[in-house]
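this one's structure only:
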Ligand code: C2E
Ligand code: MG
Ligand code: MG
Ligand code: MG
């Protein structure tokens, strides 16, 4: 019996693996098409100033409508990175974000809102990343400082000296860079010393445990203190409850983002949210 079960388990594992491989192949094929046809959409999630409640910037999150359902980035970004397609996707995202900033540039109530986009480690370590970005931005009239980039820690380790030079150039252009999901990757204080960054985004796993686990609270406070001492702007992601927001404010966090404040929304709905929040006419 045990032997039989063992064999079945092996088969089960085998077919689950095969399914994953099949799905990755399917996604890779479909992705090629989606890139050519520019089938992606951006959803926007506000980041608010905890003190004033004002929306200070929006994070753009990619969505891929496919056969009547939405494919989320966690399902296809890793495959895109693996198959060398991420550069094209990042170009699409950057263009969509710039088009949006450009539309808002003409509108008095929206012209100061910045947009943050997520950049893969593969993007930032490409040699001409900065040059390409600068060229793209020169086609638009809005101030480049309205664009923000979010990088995870894994993006930083790949090629630190390259990344360092790129971030320096980005800073000169006024582009603000965030370290995303801070505390979960290869958190190294050396990055904070070496790199020109503007924001630290405290990973949502610490925020989720903030009210129930003293260790999480200690970690969040320590991140806030280090960040503050370095003159960085602290932002907490994954804020799902009013109590999180209260606590984070008392702990000295600057900004917050999460379902409690607003879910990621398509731009038309986002504009309704802003006008309800009295930030737009
Ligand atoms: P991220 O940059 O850390 O984005 C935060 C994720 O948490 C988003 O998931 C967002 O919808 C979700 N979220 C926001 N508030 C809450 C909350 O209160 N509770 C919980 N549980 N979740 C919350 P999403 O949109 O599925 O994106 C997942 C990840 O995919 C992002 O993590 C980012 O790393 C990546 N990603 C998204 N868009 C892009 C893109 O355009 N390019 C690249 N390269 N990566 C992207
Ligand atoms: Mg992000
Ligand atoms: Mg994050
Ligand atoms: Mg994340």
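All right, it came through fine. As the structure is a prediction and not an experimental result, all values here were calculated from the model. Ligands and ions are numbered 1, 2, ... in the order given.

got phi/psi on the residue of the stretch 101-250 of the chain found nearest ligand 1?
Of all residues in the stretch 101-250 of the chain, residue 118 sits closest to ligand 1, at 3.7 Å by C-beta to the nearest ligand atom. Heads up, the C-betas are built off the backbone N, CA and C, glycines and all. Torsion angles at residue 118 (phi, psi; degrees, to the nearest 10) stand at phi -90, psi 130.

residue in the stretch 1-150 of the chain nearest to ligand 2?
Closest to ligand 2 within the stretch 1-150 of the chain is residue 150: 3.9 Å, counting by C-beta to the ion.

which stretch of helix or strand covers that residue?
strand 147-152 (DSSP states H and E).

what of residue 58?
Here residue 58 is assigned to strand 55-66, by DSSP H and E.

same question for that strand: list its buried residues.
Using 16 or more other C-beta atoms under 10 Å as the test for burial, strand 55-66 gives 55, 56, 57, 58, 59, 60, 61, 62, 63, 64, 66.

can that strand be found next to ligand 3?
No - using C-beta under 5 Å from the ion, strand 55-66 stays clear of ligand 3, with a minimum separation of 8.4 Å.

what lines up beside that strand in the sheet?
Sheet pairing of strand 55-66 (DSSP bridges) gives strand 41-49 (antiparallel), strand 69-71 (antiparallel), strand 114-118 (parallel).

next helix or strand past the last one?
So the one you mean is strand 114-118. Heading C-terminal from strand 114-118 (DSSP H and E), you reach helix 121-124.

centre of the chain to that next one, how far?
Offset of helix 121-124 from its chain centre (C-alpha atoms, centre = their mean, to the nearest Å): 13 Å.

now swap in stretch 78-93 and tell me
15 Å.

what's the local residue count around residue 35?
Look at residue 35: counted by other C-beta atoms under 10 Å, it has 17 neighbours.

and the pLDDT at it?
Per-residue pLDDT puts residue 35 at 96.

now the helices: where do they sit in the chain?
2-36, 73-82, 86-105, 121-124, 129-138, 153-157, 160-172, 189-194, 204-208, 214-229, 242-250, 267-276 (DSSP state H).

wouldn't residue 244 be in contact with residue 207 here?
Yes - Residue 244 is within contact range of residue 207, at 5.9 Å (criterion: C-beta atoms under 8 Å).

between the two, which one's more packed in?
residue 207 (25 against 22).

list the contacts of the nearest residue in space to that one that is not next to it in sequence.
Leaving aside its chain neighbours, residue 207 sits nearest to residue 238 (4.6 Å; criterion: C-beta to C-beta, 6 or more residues apart in numbering). Residues in contact with residue 238 (C-beta atoms under 8 Å, 6 or more residues apart in numbering) are 203, 204, 205, 207, 208, 257, 258, 259.

how near is residue 180 to residue 201?
Residue 180 is 5 Å from residue 201, where distance means C-beta to C-beta, to the nearest Å.

one more: residue 112?
Distance from residue 112 to residue 201, by C-beta to C-beta: 21 Å.

a markdown table for the helices of the chain, including distance to ligand 1?
Formatted as a markdown table, the helices of the chain follow (distance: least, C-beta to the nearest ligand atom, whole Å):
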| stretch | distance to ligand 1 |
| --- | --- |
| helix 2-36 | 13 |
| helix 73-82 | 3 |
| helix 86-105 | 4 |
| helix 121-124 | 7 |
| helix 129-138 | 13 |
| helix 153-157 | 9 |
| helix 160-172 | 15 |
| helix 189-194 | 17 |
| helix 204-208 | 6 |
| helix 214-229 | 15 |
| helix 242-250 | 9 |
| helix 267-276 | 13 |
